[in-house]
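**Student:** I would like the atomic coordinates for the input below:
(3 chains)
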Amino acid sequence: MNYWLVKSEPDAWSWQQQVASGARGEAWNGVRNHAAKLNLMRMKKGDQAFFYHSNIGKEIVGIVEIVREHYPDPTDKSGKFVCVDVKALKALPKPVTLAAIKADPRFAEMALIKLSRLSVQPVTATDWKALCKMGGL
DNA sequence: GCCAACGTTGGC
DNA sequence: GCCAACGTTGGC
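**Tutor:** Below is the predicted model:
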């Protein structure tokens, strides 16, 4: 199983909306960046991803599971981009803030820090476990 | 194919 | 609201 991190501005799509969408999941669409697209295409059903709130909150608030692998993004008229379906798995008891991640040297190499604009990014198993622990899981 | 201009993202 | 980083566009 692989681990990922996906970002969303709560104004556009929040964790609360993700939870409300229920067990069937919801399309993670709107990605218009080729590096992010490549990561979407590498996601497998059953993989898990951190759900990160950018801009407002700037923290990891929960975990989602990939329930449908990549398919053409219906919101992309050019037909070049893809999306996946994700469902909310669980919330983090203690959201992990960007400030906390930045303050911890273990995470200095994370894409979240180094490639701050990448909206879909891989997370190593080591980082995943450490972040879950920080989040109270 | 290079590169300047411009647009977007996202932290501060 | 500003600005740095970075992707994309378009003139040459």
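**Student:** pLDDT score assigned to the closest residue to A:Met1 other than its chain neighbours?
**Tutor:** The spatially closest residue to A:Met1, leaving aside those adjacent along the chain, is A:Asp47, at 5.7 Å (C-beta to C-beta, 6 or more residues apart in numbering). Just so you know, the C-beta spots here come from the backbone N, C-alpha and C atoms, and that holds for glycine as well. On the pLDDT scale, A:Asp47 is placed at 97.
**Student:** Repeat that for A:Ile66.
**Tutor:** 96.
**Student:** beta partners for it?
**Tutor:** A:Val86 (DSSP bridges).
**Student:** That one against A:Met43, yeah?
**Tutor:** Yes - between A:Ile66 and A:Met43 there is a contact under C-beta atoms under 8 Å: 4.9 Å.
**Student:** Identify the contacts common to those two.
**Tutor:** Shared contacts of A:Ile66 and A:Met43 (C-beta atoms under 8 Å, 6 or more residues apart in numbering): A:Ala49, A:Val84.
**Student:** Tell me how many other residues crowd the residue nearest to A:Met1.
**Tutor:** Counted with other C-beta atoms under 10 Å, the neighbours of A:Asp47 add up to 19.
**Student:** Would you check how far apart it and A:Asn2 are?
**Tutor:** Per C-beta to C-beta, to the nearest Å, A:Asp47 is found 5 Å from A:Asn2.
**Student:** ok, now A:Asp85?
**Tutor:** Distance, A:Asp85 to A:Asn2, using C-beta to C-beta: 16 Å.
**Student:** Over to A:Ala100?
**Tutor:** According to C-beta to C-beta, A:Ala100 stands 24 Å off from A:Asn2.
**Student:** Contact partners for the residue nearest to A:Met1?
**Tutor:** Applying C-beta under 8 Å, 6+ apart to A:Asp47 gives the contacts A:Met1, A:Asn2, A:Tyr3, A:Trp4, A:Glu65, A:Ile66.
**Student:** What residue, apart from its backbone neighbours, is nearest the fourth one spatially?
**Tutor:** Spatial nearest neighbour of A:Trp4, chain neighbours left out: A:Ala49 (3.8 Å); criterion: C-beta to C-beta, 6+ apart.
**Student:** Fine, thanks again, bye for now.
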